[in-house]
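A.B. asks: Please find the sequence and the predicted model below.
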Amino acid sequence: MKHLIKLGLAVSLVACMPALAQEESESAWSVSGNVTATSDYMFRGISQSSEKIALQPSFTVEHESGLYGYVWASNVDFDTAGDGINIEVDYGLGWNTDVSDGVNLDLSAVRYTYPGSNSGFGIDYNEYLAKVTVAENYYAMFGYTDDYANSGESATYYQVGSDWDIGETGVALSLAAGLNDFDNVAGDRFWDIQVGFSKDFGPVNLGLAYIDTAGFSGDFTDKDIANARVVLTASLDFDF
């Protein structure tokens, strides 16, 4: 309950940020948005849209101190009869700062919500994330939730990755591997891996990624939505 209260206050702060931004100088605050269309909403190696196209808008407010907040949404389909869940809306609050030359720290809390869920299918939960980026290209991330999908059980996520520009081509390469530890939830642990390429075409970014899992037993969820696949994305950023 304490975690929910704290995150509720955080979300309230995010909602107030635009008003606060008007009271301070324009240079202190930035407000941006993004709309992404993807051939499959993948989250840590598992399809959240039953391998269907997803549309994902987001809104972010940032302060020069490193404080930021965002709201992100997507259509989802867990192929569970009677769950009533068609939309995911996430609320996040975080702080990003350079702790030393070449080392960046990003701490955040995220509230995953699924509006419209029917009685007995509520899976809203909180996750707390810490990410360290070194030399701009390499990062390690840790995620923890004490109540995964409203199960009453804890789960953790570990990820390492890197991002690179390929010469002067304008193409960016991203590599990532993550360990999903759902041992307390479903007695299952598995890896997700991703290799992606992206490029900007004016205001639009196009991406192509290969995503797969390793060690996936199927005890956690259907194996079919965790198989290897290629995902296409088109993303548009804009500032307010």
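C.D. replies: Noted; the coordinates are in hand.
A.B. asks: thought residue 54 was touching residue 76?
C.D. replies: Yes: checked against Cβ atoms under 8 Å, the pair residue 54 and residue 76 is within contact range at 7.5 Å. For the C-beta atoms, the positions are set from N, CA and C on the backbone; glycine is no exception.
A.B. asks: Give the residue from the two that has the larger number of neighbours.
C.D. replies: A side-by-side neighbour count of residue 54 and residue 76, using other Cβ atoms under 10 Å, places residue 54 first with 22 against 19.
A.B. asks: Leaving out the residues flanking it, which one is nearest to that one?
C.D. replies: In this structure, residue 54 finds its nearest non-sequential neighbour in residue 41, 3.8 Å apart by Cβ to Cβ, 6 or more residues apart in numbering.
A.B. asks: Next one: that neighbour from residue 50, what distance?
C.D. replies: Taking Cβ to Cβ, to the nearest Å as the criterion, residue 41 is separated from residue 50 by 9 Å.
A.B. asks: Quick check, pLDDT for residue 181.
C.D. replies: Turning to residue 181, the model gives it a pLDDT of 96.
A.B. asks: just residue 176 next, same as before
C.D. replies: Per-residue confidence at residue 176 stands at 98 (pLDDT).
A.B. asks: That one belongs to a helix, doesn't it?
C.D. replies: No: secondary structure of residue 176, determined by DSSP: H, G, I helix; E, B strand; the rest coil: strand, with no helix assignment.
A.B. asks: What residues are bridge-paired with the closest residue to it other than its chain neighbours?
C.D. replies: For residue 176, the nearest residue in space outside its immediate sequence neighbours is residue 161; the separation is 3.3 Å by Cβ to Cβ, 6+ apart. On DSSP bridges, the residues paired with residue 161 through beta bridges are residue 139, residue 176.
A.B. asks: ok, residue 162 touching residue 172?
C.D. replies: No: shown here, residue 162 and residue 172 do not form a contact pair, counting by Cβ under 8 Å, at 10.9 Å.
A.B. asks: Tell me which residue lies nearest the centroid of this structure.
C.D. replies: Of all residues in the chain, the one closest to the mean position by Cα atoms, centre = their mean is residue 43, 7.5 Å from it.
A.B. asks: mind listing the helices for the chain?
C.D. replies: Applying DSSP state H to the chain gives helices spanning 2-23, 183-186.
A.B. asks: Those: lowest mean pLDDT?
C.D. replies: It's helix 2-23: among these, that one has the lowest mean pLDDT, namely a mean of 49.
A.B. asks: Near the closest residue to residue 53 other than its chain neighbours, how many other residues are there?
C.D. replies: Nearest residue to residue 53 in three dimensions, chain neighbours excluded: residue 39, at 5.8 Å (Cβ to Cβ, 6+ apart). Per other Cβ under 10 Å, the neighbour tally for residue 39 reads 18.
A.B. asks: same check, this time on residue 147
C.D. replies: Neighbour count of residue 147, defined by other Cβ under 10 Å: 17.
A.B. asks: what residues are up against it?
C.D. replies: By Cβ atoms under 8 Å, 6 or more residues apart in numbering, residue 147 lies in contact with 125-126, 153-154.
A.B. asks: try 10 Å
C.D. replies: Taking Cβ atoms under 10 Å, 6 or more residues apart in numbering as the criterion, residue 147 is in contact with 3-4, 124-127, 153-155, 185.
A.B. asks: No further queries at this time; thank you.
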